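Q: Next comes the sequence, and after it the predicted model I'd like to discuss.
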Amino acid sequence: MWRDTVLVAGKDLRIELRSRVVMHQVVPVGVLVLVLFAFALGPDRAPMAKAAPGLFWVAVLFASVLAVQRSFAVEASDGARDGLRLSGLDPAGVFLGKSAAVAVQLVVLEVVLTAGVVVLYGSHIRSYGSIIVAGLAGTAGLAAAGTLYGALAAGLRVRETLLPFLFLPVAAPVLLAGTRAWQVALGTAGNVGNVGSAGDPWVRLLLVFAAVYLALGVVIFGPLQEAS
Amino acid sequence: MNPTDTEVTPWSPTATWVVRGLGMAAAVAVAATVWLGLWVTPPDQAQHNLVRLVYVHPPIAWVALYLAFGVAAASSVLWLWPRTRSRFWDRLAVSAVEVGTVFTALTLITGSIWGRPTWGVWWAWDARLTSTALLLVLLLGYLAVRRVPADPDSRARRSAVVALVAAVDVPIVHFSVDWWHTLHQGATVLNANLSPTIHGSMAWTLLLGFVAFTLLFAWMLAIRYRIEVLSERLLDSELDVALHERWAEGTGPVAGEPGGALASTGRRA
């Protein structure tokens, strides 16, 4: 399973390195979302800095829909999906591999967006450790749930519209928990009392979310691939 | 397709009577709840006549959030489990989700109607409201997947996976929204409303409300199940009819000898 994971993740990342679709299209869209939020909030920096954690995660969420769509668009042409099914790779490995590739791309996106939040909204990062941990845990969860739904929507004609409708409500806890964890890390939690301890349960929630969807994907990806 | 699947008769004569009885019992129970709730029970001291919503809103919420969702999740798992896989579970799941969607929407609507005079707003970002709203979106997502044309087997598989993934999300949503809310505001408003001690007749009416809406749910589930079976049959028979018509068209020229005479029969037919 792990060998297959590495193979599939390597394949997806190699395609990305050669095509640069996520790098040149999805990441700019994420930055664009940050800019659009700034337009929506007005030129004053104070509300932007206050809303920065939430806006960051909303941008990540939207971009992750695009990243997942790209991840399965890669399989759509040249009968690649059938090839993948015929290859004899462990479905769990395929799932983990595709999730890992999406996660790596999302991490790149998040690094860019974090820089964007600092530059554009004037946020100060107080605790690097907690934003990294929360970011990685949230990314793993988003990638796992996204890949699961991406595979589900993959052969369908309505996949572009169906995927966000299914995926975004399920990913809502990541938005909530990620935002809270980042509010603590960026020091915008402000009026909430116990700032120091509040970040912890949220990171744990992100970890639980990631663990649940990774486990579910490992179990369910095989039957899911048979369906389409 | 499995031949046994098309032979399934959901409505054996006994079942017909059971469902009919269920429907009547539901109608009587709902009518009794309306009567007790509107005329017999006294108005509340704090909420006056608004308290009468307590006979409707919690029972509907119970049906939506526990019964319907439980049935949908359980039957999806039973479908996915190869040993218990049968079309029955797939149909039951879609029926439960569809009826559950109606009840979830009603939960939000009745809650909103209640919230407007008591809290002063149609909508509060309360933990329960938020998670119920998210649940409604998840249910609508299931129905959207359901509407995507596909062969019955892969549609069933896809829907079951969606139901399972959504069901797994529900506790996470519940906890996250709960924390999100409590970290923002402190006390929940809903508890304050439910804390007054309940008068004897009110308690009985509330209990009857739960029974009434549970019966109603069971009846609607059965009816929806029948619709699912019938629409599957209609789809099959439509295909059969269309195929037969097509064959009938084709038999003329193919069966006889080639030539002008046959072309003219074809035209006449």
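A: Structure received.
Q: Provide a list of residue ranges in chain A with pLDDT below threshold.
A: Along chain A, the parts satisfying pLDDT under 70 run over A:189-199, A:227-228.
Q: residues in contact with residue 85?
A: If you meant another chain, say so; for now it's chain A. A:Gln225 (Cβ atoms under 8 Å, 6 or more residues apart in numbering or on different chains). C-betas here are computed from N, CA, C, even on glycine.
Q: Chain B, not that one
A: B:78-79.
Q: Next, it: phi, psi?
A: Main-chain torsions, B:Arg85, degrees, to the nearest 10: phi -70, psi 120.
Q: what's around the closest residue to A:Val133 other than its chain neighbours, how many residues?
A: Closest residue to A:Val133 apart from its sequence neighbours, by Cβ to Cβ, 6 or more residues apart in numbering or on different chains: A:Val203 at 5.7 Å. By the measure other Cβ atoms under 10 Å in any protein chain shown, the count of residues near A:Val203 is 21.
Q: Can you show me the helices along the stretch 101-250 of chain B?
A: B:127-147, B:152-185, B:189-194, B:200-255 (DSSP state H, counting those that start in this stretch).
Q: any chance of these in a markdown table, plus mean neighbour count, mean pLDDT and distance to chain A?
A: Formatted as a markdown table, the entries for these read as follows, by neighbours: other Cβ atoms under 10 Å in any protein chain shown; pLDDT from 0 to 100; distance: least, Cβ to the nearest Cβ, whole Å:
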| stretch | mean neighbour count | mean pLDDT | distance to chain A |
| --- | --- | --- | --- |
| helix B:127-147 | 20 | 88 | 4 |
| helix B:152-185 | 20 | 78 | 4 |
| helix B:189-194 | 13 | 44 | 19 |
| helix B:200-255 | 15 | 84 | 18 |
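Q: Including distance to A:Ala100, could those helices go into TSV?
A: As requested, these are exported to TSV (distance: least, Cβ to Cβ, whole Å):
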stretch	distance to A:Ala100
helix B:127-147	26
helix B:152-185	19
helix B:189-194	42
helix B:200-255	39
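Q: coming back round to it: and the gap between the residue nearest to A:Val133 and B:Trp179?
A: Here A:Val203 is placed at a distance of 12 Å from B:Trp179 (Cβ to Cβ, to the nearest Å).
Q: For A:Ile125, give its distance to B:Leu22.
A: When distances are taken as Cβ to Cβ, A:Ile125 and B:Leu22 turn out to be 61 Å apart.
Q: neighbour-wise, which of those two wins?
A: When neighbours are counted by other Cβ under 10 Å, B:Leu22 comes out ahead of the other of A:Ile125 and B:Leu22, with 18 against 15.
Q: how about that one, what does it touch?
A: For B:Leu22, the residues meeting the contact criterion (Cβ under 8 Å, 6+ apart) are B:215, B:218-219, B:222.
Q: ok, now which ones touch residue 113?
A: With no chain named, the answer covers chain A. In this structure, A:Leu113 makes contact with A:30-31, A:34, A:56, A:59-60, judged by Cβ under 8 Å, 6+ apart.
Q: You answered for a different chain; I wanted chain B.
A: Taking Cβ under 8 Å, 6+ apart as the criterion, B:Ile113 is in contact with B:Leu53.
Q: which non-adjacent residue is nearest the most centrally placed residue in chain B?
A: In chain B, the residue lying closest to the centroid (Cα atoms, centre = their mean) is B:Val99, at 1.7 Å. By the measure of Cβ to Cβ, 6+ apart, the closest residue to B:Val99 outside its immediate chain neighbours is B:Met220, 4.8 Å from it.
Q: is it true that that neighbour touches B:Gly100?
A: No: at 9.8 Å, B:Met220 and B:Gly100 do not qualify as touching, with contact defined as Cβ atoms under 8 Å.
Q: who touches both of the two?
A: By the contact definition Cβ under 8 Å, 6+ apart, B:Met220 and B:Gly100 are jointly contacted by no residue.
Q: contacting residues for A:Phe209?
A: By Cβ under 8 Å, 6+ apart, A:Phe209 lies in contact with A:137-138, A:141, A:145, A:173-174, A:177, B:172.
Q: Can I get the residues you listed in CSV including distance to A:Arg159 and secondary structure?
A: Conversion of the contacts of A:Phe209 to CSV gives the following (distance: Cβ to Cβ, whole Å; DSSP: H, G, I helix; E, B strand; the rest coil):
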residue, distance to A:Arg159, secondary structure
A:Ala137, 27, helix
A:Gly138, 24, helix
A:Gly141, 21, helix
A:Ala145, 16, helix
A:Pro173, 23, helix
A:Val174, 21, helix
A:Ala177, 27, helix
B:Ile172, 25, helix
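Q: Out of those residues, give me the one that has the most neighbours.
A: Within those, neighbour counts (other Cβ under 10 Å) peak at A:Gly138, which reaches 32 neighbours.
Q: do you know how far that residue is from A:Ala67?
A: From A:Gly138 over to A:Ala67 the distance is 14 Å, taken as Cβ to Cβ.
Q: Ok, which of the helices of the stretch 101-250 of chain B comes nearest A:Val6?
A: Comparing these by their distance to A:Val6 (Cβ to Cβ), the top pick is helix B:152-185, with 25.5 Å.
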